[in-house]
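A.B. asks: I'd like to go over a predicted model; first the sequence, then the structure.
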Amino acid sequence: MTLATKLAHLSSTIKSSVNAKPIFKPTINLSILETHLQKCQSFKQFTQILSQMILTGLIADTFASSRLIKFSTDLLPFIDMSYSFKIFAFLESPNGFIFNTMMRAYIQRNVPQKAICLYKLMLNNNVGVDNYTYPLLAQASALRLSVFEGKLIHDHVLKAGFDSDVYVNNTLINMYAVCGDLSAARKLFDESPVLDLVSWNSILAGYVNADNVEEAKFIYNKMPERNIIASNSMIVLFGRKGNVAEACRLFKEMPKKDLVSWSALISCYEQNEMYEEALVLFMNMIDHRVMVDEVVVVSVLSACANLTVVKTGTSVHALAVKIGIECYINLQNALIHMYSSCGEITTAEKLFDAGHNLDLISWNSMISGYLKCGSVEKARALFDAMIEKDVVSWSTMISGYAQHDQFSETLSLFMEMQHHGIRPDEATLVSVISACTHLVALDQGKWIHAYIRKNGLKINSILGTTLIDMYMKLGCVDNALEVFHGTEEKGVSSWNALIIGFAMNGLADKSLEMFSEMKKSGVTPNEITFVGVLGACRHMGLVDEGHRHFNSMIQEHRLEPNSKHYGCMVDLLGRAGMLKEAEELIESMPMSPDVATWGALLGACKKHGDHEMGERVGRKLVELQPDHDGFHVLLSNIHASKGRWDDVLEVRGMMVRRGVVKIPGCSMIEANGIIHEFLAGDRTHPQINEIDNMLDEMAKKLKLEGYAPDTLEVAFDIDQEEKETTLFRHSEKLAIAFGLITISPPNPIRIMKNLRICNDCHTAAKFISRAFDREIVVRDRHRFHHFKHGSCSCMDFW
DNA sequence: TTAGGGTTAG
């Protein structure tokens, strides 16, 4: 559309929109126009001025119409841009001034493409461009992030001969920098005949935003004059790069600081997880009577959220109200986030309900707040109510499920996320993988690993650790190793996952080997490392080596052993039959021994048949934790193994009186992507008949192999044959039978049990692995058992 | 004659 047709088209619109018949005789002229416009209070008054201008013909005066356009686009908030454009289009021959004003208005409203269109219109209609036009065009290209367009503008600048105008050059430098073409920006900067402070700041900003510390430092050091904006940018850059010391040094050296300087350093602390320092500096800032605004308050609130200091957060909130900045959307987000992070969900709820036009961040904060205080359902309801969700919303909800042990929901929500085409990030995948681990969903876990590889996602230290942990816990040692070697940033946790994983899988020597390799590579072991190392010794029965590591932990690495480490040692000694030493170690503990430690000793008593000590420890334990099912069961089993059925009944009676419910043994197995669960004696599985047949076949084959049921495991006073039947319907055996039917060789049959595998099932599994020539992997509450050719990786030491 | 401007930092 040419300008002429455009004008013709629009002049009819504008004529009908203004009051063509003013009540008063039109009196307007150039000398009073400015006063009228300044006094103009409403759209109606404005249309009266406009109609008077049309009727008097004043509109044809370019100066008058340029004032009209300036007021309508910039000074009168009740006139919208489309109306201004109608006036503009109505003008017979707008000059360069008027074009520039319109372009500026479009750029301010973030519609740069219209500014570019106007420029084309200018060229087509031979409207003279000037040195004010090009900075606007450079800015428009910068907003559109189009170097292509920016280069064209640059060409026009050269042709039109404005290349020695410092404004023009500065906006072009900025355009190149914003669009990421730093070499073009630098070339222009180096070749520009005119440079001022803004030129230096613009090129510096380019390097700062590109995180190019070298070049930024070079420019900063060469600047003819240190200016506050440049120093502020450098603080920001150092902060982003984690170089807090440099940022601090620069801040201290600055002869003059402004609000942004303080705020930059506070945010630097906040970004580098130095939350306390951020708060201290903020207090300092207030003491120095520096003005505070909403940006710095947002940083400070985030620090409060991370430190969960709701008291400080509340006073910062009060300050925000006092200085009248609480209406800012970012501030509202920060407040809601702070309160919900601190567990003050009711306060967060109030702000959330009262706020309007709150953005995604607030919704996400509320979801995580609800999850933090355990209201999974409320979180889900809010999540479902969201019209727009981002990856954070999905990840928050997904990890919420995982944190509340709702692993099936974790996976199904992840599937839904995929369905919506949302790309998961590392945080999402960590939760999903951990859910796979808990559900023994190896196929799904492998699928996610493949997804990571296919999509080229970076395996950072946390994600790597989660994957290693999954493969180890699912008995896939080789895959775990492969992930470990493929992880670039190996943190102490990556090593830990490997050390613990090897130990768990019965490869204690590998575990200890890794430990020395870890030390060689310069990674400092932590408490968790020693849980793995001592665990490895425990699984192998390496009493001396265990002692050595335990002592080195204290003497060499200056780590304080916690109850877990003591528990390991007690278990190690106890299993080796050194019951006396184990009991002494418990008594020497600096902290009061936890139930797990006593439990380890109780287990050892049972194993070594120390009835006297077992009873003593057992009674202590049931007193210590009267609601714990396992200890009652263990105590009653000790009695049962001695055939003391009266005592068994007494313990069982105690359990009934105390309302202790024995957690039923449950085995899980994944087949074709579906998780199947079996309880002892379970007959609910749809393929129960086939399973029954397989159980019969198993029984026959096992008898031939010489298997004898270990009826001592059945702690009920029932007859022998009945005991054998009960034994043969243990959940592990049901799962193995099901595995034999559904999982084709050579794939191993992988089973997870919530409790420890019982003696008889352990023996039976060994026999089955030989009789059926199948590999069986059972992960129980404690560790792994890889059954192959009639023996187990734990070498019967568990 | 009168009128209009650019850039950077938390």
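C.D. replies: Great, that's in hand. Numbers count the residues shown, from 1 in each chain, chains lettered A, B, ... in the order given.
A.B. asks: A:His288: neighbour count?
C.D. replies: 9 (other C-beta atoms under 10 Å). For glycine as for every other residue, the C-beta is placed from the backbone atoms N, C-alpha and C.
A.B. asks: That one: what's it in contact with?
C.D. replies: Listed by C-beta atoms under 8 Å, 6 or more residues apart in numbering, the contact set of A:His288 reads A:Trp262.
A.B. asks: so what's the backbone phi/psi at it?
C.D. replies: The phi and psi torsions at A:His288 (degrees, to the nearest 10) take the values phi -80, psi 0.
A.B. asks: For stretch A:236-249, buried residues please.
C.D. replies: By 16 or more other C-beta atoms under 10 Å, the buried positions in stretch A:236-249 come out as A:236-240, A:243-244, A:246-248.
A.B. asks: so which of these would you say is closest to DNA strand B?
C.D. replies: A:Val236 (3.7 Å; C-beta to the nearest atom of the strand).
A.B. asks: Could you report the neighbour count for the closest residue to the closest one other than its chain neighbours?
C.D. replies: Excluding its sequence neighbours, the residue lying closest to A:Val236 (C-beta to C-beta, 6 or more residues apart in numbering) is A:Ala264, at 5.1 Å. Other residues near A:Ala264 number 26, with proximity taken as other C-beta under 10 Å.
A.B. asks: which non-adjacent residue is nearest the spatially most central residue of chain A?
C.D. replies: Most central in chain A under C-alpha atoms, centre = their mean is A:Ala427, positioned 4.0 Å from the mean C-alpha point. The shortest distance from A:Ala427 to any non-neighbouring residue, by C-beta to C-beta, 6+ apart, is to A:Ser395 (4.8 Å).
A.B. asks: In contact with that neighbour, which residues?
C.D. replies: Under the criterion of C-beta under 8 Å, 6+ apart, the contact partners of A:Ser395 comprise A:424-425, A:427-428, A:431.
A.B. asks: 10 Å - rerun?
C.D. replies: For A:Ser395, the contact set (C-beta atoms under 10 Å, 6 or more residues apart in numbering) comprises A:364, A:368, A:413-414, A:417, A:422, A:424-432.
A.B. asks: Narrow those residues to just the buried residues.
C.D. replies: Applying a neighbour-count criterion of 16+ other C-beta under 10 Å, the buried members of the contacts of A:Ser395 are A:364, A:368, A:413-414, A:417, A:422, A:424, A:426-432.
A.B. asks: Go through those and name the one nearest DNA strand B.
C.D. replies: Of these, the one sitting nearest to DNA strand B (C-beta to the nearest atom of the strand) turns out to be A:Asn364, at 20.7 Å.
A.B. asks: give me every residue that touches the closest one.
C.D. replies: Counting by C-beta under 10 Å, 6+ apart, A:Asn364 touches A:333, A:336-337, A:340, A:382-383, A:386, A:389-390, A:392-397.
A.B. asks: looking at those, which has the most residues close by?
C.D. replies: A:Met397 (30 neighbours).
A.B. asks: Would you agree it is in contact with A:Ile367?
C.D. replies: Yes - taking contact to mean C-beta atoms under 10 Å, the distance of 6.1 Å between A:Met397 and A:Ile367 places them in contact.
A.B. asks: list residues touching both of the two?
C.D. replies: Each of A:379-380, A:382-383, A:386, A:389 lies in contact with both A:Met397 and A:Ile367 under the rule C-beta under 10 Å, 6+ apart.
A.B. asks: Nearest to A:Pro112 among these?
C.D. replies: Of all the shared contacts of A:Met397 and A:Ile367, the one sitting nearest A:Pro112 is A:Lys389; the distance, using C-beta to C-beta, is 29.7 Å.
A.B. asks: And that closest one, how far from DNA strand B?
C.D. replies: When C-beta to the nearest atom of the strand, to the nearest Å is the yardstick, A:Lys389 and DNA strand B sit 27 Å from each other.
A.B. asks: Pretty sure A:Ile691 sits against A:Leu740.
C.D. replies: Yes - using C-beta under 10 Å as the test, A:Ile691 is close enough to A:Leu740 to be in contact (9.3 Å).
A.B. asks: which of the two has more neighbours?
C.D. replies: Applying other C-beta under 10 Å to A:Ile691 and A:Leu740 shows that A:Ile691 carries more neighbours, namely 24 against 21.
A.B. asks: and the more buried one, what does it touch?
C.D. replies: Going by C-beta under 10 Å, 6+ apart, the list of residues near A:Ile691 reads A:678, A:682-683, A:685, A:729, A:733-738, A:740-742.
A.B. asks: Would you list the phi and psi of it?
C.D. replies: Main-chain dihedrals, A:Ile691, degrees, to the nearest 10: phi -60, psi -40.
A.B. asks: what helix or strand does the residue in the stretch 351-500 of chain A that DNA strand B sits nearest to sit in?
C.D. replies: Of all residues in the stretch 351-500 of chain A, A:Ile361 sits closest to DNA strand B, with a separation of 16.3 Å (C-beta to the nearest atom of the strand). Following DSSP states H and E, one finds A:Ile361 within helix A:360-372.
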